[in-house]
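Visitor: What shape does this take:
(chains A and B)
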Amino acid sequence: MKKVLSVLLILALVFGLAACGGGETAEEPAGDEALKVGFIYIGTKNDGGFTQAHHEGTMAMEEYFGGKVTTIIKEGVDDTDKQAAKEAALGMIDQGASVIVACSFGFMDALDELANDPAYADIKFLHFSGYKMNDTNFGNYFGATEEPRYLSGIVAGMQTETNKLGYVAAFPYTEVQIGINAFTLGAQSVNPDVEVKVVYINSWYDPAQEKAAAEALLAQGCDVITQHCDTTGPQVAAAEKGVYAIGYNMDNSAVVPESFLTAPIWHHEEFLIATIQAIMDGTWTPESYYGTMADGYVDLAPMTDLVPAETKAAVEAVKAQIIAGEKPIFVGPIYDNAGNLVVPEGTTLDRGGIWETNYLVKGVTAVQ
Amino acid sequence: MEVFLAAAIVAGTPLLFATVGELITEKSGSINLGVEGMMLMGACIGFVVGLATGNPVLALGGAALAGGGGALIFAILTVTLRANQVVTGLTLTIFGTGFTRFVGQDMVGAVIPGELRASFAKVELPGLSEIPFFGPVFFRQDVFVYLGYIVVILVAIYMFRTRIGLNMRAVGENSGAADASGINVALYKYAHIVLGGALCGLGGAYLSLVTVPIWQVDVVGGRGWIAVALVIFASWNPIKALFAAFLFGGLGILGLRLQSMGVHVSQYLVDMIPYMATILIVIISTMRNRKEGMPPSDLSNPYFREDR
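Guide: The predicted model follows:
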């Protein structure tokens, strides 16, 4: 009897958890013609960073279409587990979703298999940050974060007094390296003496460790801290030390008002609204979307009052140039931090060239 | 160097509370792998209470109650209902993760009020903080860290110098013999599992109230598992646990410090050191076969009086 009871209690614990963290269905009752869009998230929709930024885009898209679009959301799907991603997608298709949006790089192969399975030829698949696609029902999307990163570098370069900037980064790979390089070039464009120190924490999400990394950088004399990881840990470290912080993904001006300058942010709704509209109109064809600041897909969060007016003016001027298409970010000559010429004079990196980055530019100190 | 060691203590304090909590639990004969879950529950409820009241004592009390409450579930399942301890502990971790995400879902980005943060600001202990080297490292910390020192001393006295502590160890070493000598085995197990859980809850609360006083999900980030390993590393001794927790705290941030100084040592190698050290210690203590370094003999064995 007691054994049965204990098994029941354990099951109750497990299902209690499932009830807490499980998938969520649409908030509004669906009309018959409503388009159902399923979203697969790697994190929770309120993680205060990456997934939350995407979820805000999702919600803005849903609101824009009124009752014409409903969403199904599955949070916390492990993006290293292809089967889990497929099951999440298939579950949504069973619930009537005709568009599947997967919001992490690791979902790519699961989507690729489903998209190329004739059984799901009617379903549209959209994948964030991947490179695979097909000609019929599978597209991908990403943003030119190097543009707002460059602008945030200008802010940091003008704000620093020690000429040492701290960069808390997740992993040493292309996307992160592009961000570090863009930030550094931005800072150097206004302050040639500036040095960027990078610490990798080998994780996307660990508030305490991110803070500890920022503290290590502060101990080395950095007086502006920025980050390519998901929590407010680095910003808290900067606030406690009385120096400045530049965030990522989220406008945290209300969370750490004493140190927050700005942050590169996303407007996922720009892509989602246009794409869902095209799908509803029947005009959509798969594309590899790369949203820029001109598209409104990426942006720099409003600079706070901690940023002096002349810095704001300088940033706005460059921002206008970027939006007008007159200011590419990676223009040769660019040297890497070992002194090799990586982008020759007269060369400007296009999207393909940018995504071949496997170096850090001159002025960056990093151990990798 | 002093700055680094002081930071190591800050990084080690959540580990210290959780390690001492798990140590008490294991000494009384139960292995509770729900440390991560109980830390999360403590982090979450401590934050909720701190946010609502702004009172540090209530916040810590809430965290301890939450951790203890999680442990109580474990105690009911494993002591009264005799469920498998490993399975129940793992379930408790999963439950704690879901619980904190659920309770904290509308709280993300909330900030602990200034007066509560101020009560966890660094305090220089008069006299002690002037000691060369040790002062700046150990005695220019926040009150939560000092609470950690006090807990370790109290637990050490309790375990090794009191009759109840002796009884508790007897339950862990041989429940049958303890029962025969008139000790209420179930009561001892319940009390120490809950006490251990309360300490784990406090460890979690350090992360959410002091380290990053802004609510974010999954603040514990695997530290509960390190605490389980640390109990073995410290060979079930609370004083050793103090140094072990600070050592692991230090090694956890050593890689970051080396990177920021531009020292070329692989982060992965640095991250491995604590675990390689744990394996080494287990091997050494097994080879020496001394009673002190060994786990309690009745660890993880459920006690059936009828089976005796």
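Visitor: drop to CA atoms for contacts and neighbour counts, all remaining ones
Guide: Will do.
Visitor: what about residue 50, how many residues close to it?
Guide: In the absence of a named chain, chain A is used. 26 (other CA atoms under 10 Å in any protein chain shown).
Visitor: that answer is for a different chain, and I need it for chain B
Guide: Number of residues near residue B:50 (other CA under 10 Å) recorded here: 28.
Visitor: thought it was touching residue B:59?
Guide: Yes - here residue B:50 reaches residue B:59: they are 4.6 Å apart, a contact under CA atoms under 8 Å.
Visitor: counting contacts, what elements does the longest helix along chain B pack onto?
Guide: Counting residues, the longest helix found in chain B (DSSP state H) is helix B:2-27. Judged by 3 or more CA pairs under 8 Å, 6 or more residues apart in numbering or on different chains; DSSP states H and E, helix B:2-27 is in contact with helix B:35-53, helix B:134-138, helix B:143-161, helix B:163-173, helix B:185-205, helix B:223-233, helix B:238-260.
Visitor: Show me the contact partners of the third one.
Guide: The set of residues external to helix B:143-161 that reach it, using CA atoms under 8 Å, 6 or more residues apart in numbering or on different chains, is B:9-10, B:13, B:16-17, B:20, B:119-123, B:139, B:164-166, B:168-169, B:206, B:237-239, B:242.
Visitor: which ones are touching residue A:189?
Guide: residue A:154.
Visitor: meant to ask about residue B:64
Guide: B:42, B:46, B:197-202.
Visitor: Now the two most distant members of these.
Guide: Using CA to CA, the pair of these lying farthest apart is B:46 and B:197, separated by 13.7 Å.
Visitor: who's more crowded, those two?
Guide: Legend: neighbour count by other CA under 10 Å for residue B:46 and residue B:197, higher for residue B:197 (38 against 31).
Visitor: Now that we have the contacts of residue B:64, which of them are buried?
Guide: B:42, B:46, B:197-202 (16 or more other CA atoms under 10 Å in any protein chain shown).
Visitor: okay, the residues you listed in CSV with distance to residue B:190 and pLDDT next?
Guide: As requested, the buried ones among the contacts of residue B:64 are arranged in CSV below (distance: CA to CA, whole Å; pLDDT from 0 to 100):
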residue, distance to residue B:190, pLDDT
B:42, 19, 98
B:46, 23, 97
B:197, 11, 98
B:198, 12, 98
B:199, 14, 98
B:200, 15, 98
B:201, 16, 98
B:202, 19, 98
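Visitor: Can you list the residue ranges for helices in the stretch 101-250 of chain A?
Guide: Per DSSP state H, counting those that start in this stretch, the stretch 101-250 of chain A carries helices over the ranges A:108-115, A:146-159, A:174-190, A:207-219, A:233-241.
Visitor: Give me the buried positions along stretch B:99-111.
Guide: B:99-102, B:104-105, B:107-111.
Visitor: now the end-to-end length of it.
Guide: Its start and end residues considered, stretch B:99-111 measures 20 Å (CA to CA, to the nearest Å).
Visitor: returning to what we had before: let's see which of the buried residues of stretch B:99-111 end up in helices.
Guide: Among the buried residues of stretch B:99-111, the members found in helices (DSSP H) are B:99-102.
Visitor: what residues are up against the closest residue to chain B within the stretch 251-368 of chain A?
Guide: Nearest residue of the stretch 251-368 of chain A to chain B, counting by CA to the nearest CA: residue A:367, 5.7 Å away. Contact analysis of residue A:367 by CA under 8 Å, 6+ apart lists A:198-199, B:259, B:262-265.
Visitor: just for the chain, where's the confidence low?
Guide: Looking at chain A here, since you left the chain open. Scanning chain A for pLDDT under 70 picks out the ranges A:1-32, A:368.
Visitor: Let me rephrase: I mean chain B.
Guide: B:308.
Visitor: Quickly check: stretch B:102-113 near chain A or not.
Guide: Yes - with CA under 8 Å from any CA of the partner chain as the criterion, chain A is reached by stretch B:102-113 at B:102, B:105-106, B:108-111.
Visitor: before we move on, the earlier item: nearest to residue A:44 among the contacts of residue A:367?
Guide: Distances from residue A:44 to the contacts of residue A:367, taken as CA to CA, are shortest for residue A:199 (25.6 Å).
Visitor: residues contacting that closest one?
Guide: By CA under 8 Å, 6+ apart, residue A:199 lies in contact with A:166-169, A:213, A:217, A:366-367, B:256, B:259-260.
Visitor: ok, of those, which come out buried?
Guide: Buried, going by 16+ other CA under 10 Å: A:166-169, A:213, A:217, A:366-367, B:256, B:259-260, out of the contacts of residue A:199.
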